[in-house]
Structures are given as structure tokens and as C-alpha cells.
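Engineer: Here's my sequence, what's the structure:
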Amino acid sequence: MKLPKIAALSVLLLCPAALWAEGMVPEPAPLKVPGEITVELSEIDQKALRPYAQPRITHITFHHEGFAGTDAALFRKASAARDRQSISQRVRNINHDHVANAGLGMIAYHYAVDKTGQIAKGRPVRYAPATKSTVHGGTEKADFTGHFAVVALGDFNHETLTDVARLSYIRVMSEAQRAYRVPTANIRPHLHYASTSCPGEHIMAEADDLPLRVLVFGLQAELAVRGCGPVEPDGVWGKASGRALDRLVSANRASYAPDAIDDAALFTLLDDPALRCK
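Structural biologist: Numbering: from 1, shown residues only. I've put the predicted structure just below:
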């Protein structure tokens, strides 16, 4: 089988689901990412959270912590202090700020990743991400109903993602894409929807590539669990991935023959657990 080409990322975005009347909002299924750390959060404003209830997830948005603006000296000082903290402490600190100072109910993001690749759970997915950012060209707060949000801890106007942080960032988004069937075209940076510099210029330099790596990671993960390996999910399609896909197609010719590495190839697998190599 010839190695399929990776499909180009469409710019077409699906509209977020409208919030249902209070008391009638179904909830997205909870997400669990392998290796995640659960952080005990004592400060949660349930009343402030209530308006953020969301019925389902249709988009994935990636963010950065951002704390220094354009001040390089502040970044060096603040970053050194943060590096001495555990991911749990950093999540608790962000949670405190978002409750006490921003009125967002709790930490705005569903997951956080740090430079060592650790992954921490934040806001429950039944609540939309919260933000103080405004829509482009206006003063109205941007609406992230229907979104799943992951934040990279750090300020990526001043630093770049480590390899392990990038992989965890991709892994979290892949788990969400597969759990909620989010189209790859709907994986976007925060600034796509709002007037902000988030997720920082260095992550923005990768912003076109990251959604495609999320898609590839998901396909690789599915090939691995279906006995088609060896293949190590890393978001980069290579020879091992191609051979694994060939094995799956050979074992399921009547029901699975993708012609590209695209959403259809991934979602068809997700909809049919019986597609396996062994």
C-alpha cells in the first residue's frame, strides 16, 4: 500500500454548540489522560462556574500561561521562581488567581502541561474554558462554549516548548480529539478567537503544524492499541507508522482502506473497535 498523504488542514470551522437552558444541559463525558496528575483545589466558586456549563465539546484550544509580557528581565525572575514549584503548586496558583482576581470560578483550563512533560487536570470538561480576553475588534468577552482548553505552563513569548512538553501538549489534545470527535480544523490557538497574544510567539510558530501532529498522534495511538505496531505515538508520520497502517488495511480490506491521513481515517477507526491487526 502506498503511504497516504497527510491531508491539508482545512480552515473551515464548525460553530460551537449553543448553551442549553439551565438544568437541561447534557455534559461531555469526563476525560482521563494517561499519567495525569489530579490536583486538589480548595478554592472553587461554584456560583461563578454555573454560567460556563457546556453540553458538548466541538473545539480544542491551546494556550500558554503567559506572565511577563515583553519584559525579559521579569520573565527570567518569574520563570526561575516557577521552575522551583511542582506542577500541582503552579496549577493551584493559577486557580487562586482565576478565582480571586479574574472571577472565573476556578482555573480556566481543562489541562496543564509543564516543561518536564507532566500533565495535570484542571477545570472539569463540563465547564467551558473561561477567559478575560475579548473578541477581535470589540469589547465583548470571547465565548469559548464548546471548547476544550490545554495550557502550556510558561511564557512562550520568551521560551520554546521542550520536546517532552510538546509531546504532552499533543497527547492531551489527541485524547480530547478522540474522546469528543473534534475535527482537526477545529484545533486552534487562543488568539484565533480572541484579541490576545496567547499562546505566545514561539508556540504560534508551530501553530499550523500542531493540529496535524495531534491527528497523527491519534492514528498512531489507535494503531498501537490494535496490535499493528511496533509504533510509538509521537505525532510524526514515518515508516513505522506507514507499515502499521499497511498491516491494519491488509487485515481489514473489506472495511478499512483510507486514502489519506485525515479525520475520516481516524474517526472510522474510533467508530469500529473491531478493526484490528490481531
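
Engineer: Flag every buried residue along stretch 94-108.
Structural biologist: 94-95, 98-99, 104-108 (16 or more other CB atoms under 10 Å). No exception for glycine: its C-beta is placed from N, CA and C like everyone else's.

Engineer: mind listing the helices for the stretch 1-150 of the chain?
Structural biologist: 46-49, 72-83, 87-100 (DSSP state H, counting those that start in this stretch).

Engineer: In which helix or strand does residue 198 reside?
Structural biologist: Using DSSP states H and E, residue 198 maps to neither a helix nor a strand.

Engineer: repeat for the one 4 residues further on
Structural biologist: Under DSSP H and E, the secondary-structure element containing residue 202 is helix 201-204.

Engineer: Kindly report the same for residue 166.
Structural biologist: Using DSSP H and E, residue 166 falls within helix 163-180.

Engineer: on contacts alone, who are the packing partners of the next helix-or-strand element following that helix?
Structural biologist: Next helix or strand after helix 163-180 toward the C-terminus (DSSP H and E): strand 187-189. Judged by 3 or more CB pairs under 8 Å, 6 or more residues apart in numbering; DSSP states H and E, the packing partners of strand 187-189 are strand 59-64, helix 209-225.

Engineer: so how far is the first one from its chain's centroid?
Structural biologist: For strand 59-64, the gap between its own C-alpha mean and the chain's C-alpha mean amounts to 6 Å (CA atoms, centre = their mean, to the nearest Å).

Engineer: That strand to helix 163-180, inter-axis angle?
Structural biologist: 160 degrees (axes from the mean of the first three to the mean of the last three CA atoms, to 10 degrees).

Engineer: Which residues outside strand 59-64 are in contact with it?
Structural biologist: 13-14, 16, 109, 129, 144, 146-156, 169, 173, 176-177, 182, 186-190, 192-193, 198-200, 203, 210, 214 (CB atoms under 8 Å, 6 or more residues apart in numbering).

Engineer: Could you pull up phi and psi at residue 243?
Structural biologist: phi -70, psi -40 (degrees, to the nearest 10).

Engineer: Over to residue 266?
Structural biologist: Dihedral angles (degrees, to the nearest 10) for residue 266: phi -70, psi -50.

Engineer: State the pLDDT value of it.
Structural biologist: You'll see residue 266 listed with a pLDDT of 98.

Engineer: mind listing what the closest residue in space to residue 124 that isn't next to it in sequence touches?
Structural biologist: Using CB to CB, 6 or more residues apart in numbering and skipping residues adjacent in sequence, the residue nearest residue 124 is residue 30, 7.1 Å away. Going by CB under 8 Å, 6+ apart, residue 30 touches 124-126.

Engineer: how close does residue 30 get to residue 36?
Structural biologist: Residue 30 sits at a distance of 11 Å from residue 36 (criterion: CB to CB, to the nearest Å).

Engineer: Would you reformat the helices and strands packed on strand 187-189 as TSV and include mean neighbour count, mean pLDDT and distance to residue 118?
Structural biologist: Compiled in TSV, the helices and strands packed on strand 187-189 are given as follows (neighbours: other CB atoms under 10 Å; pLDDT from 0 to 100; distance: least, CB to CB, whole Å):
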stretch	mean neighbour count	mean pLDDT	distance to residue 118
strand 59-64	26	98	16
helix 209-225	22	98	18
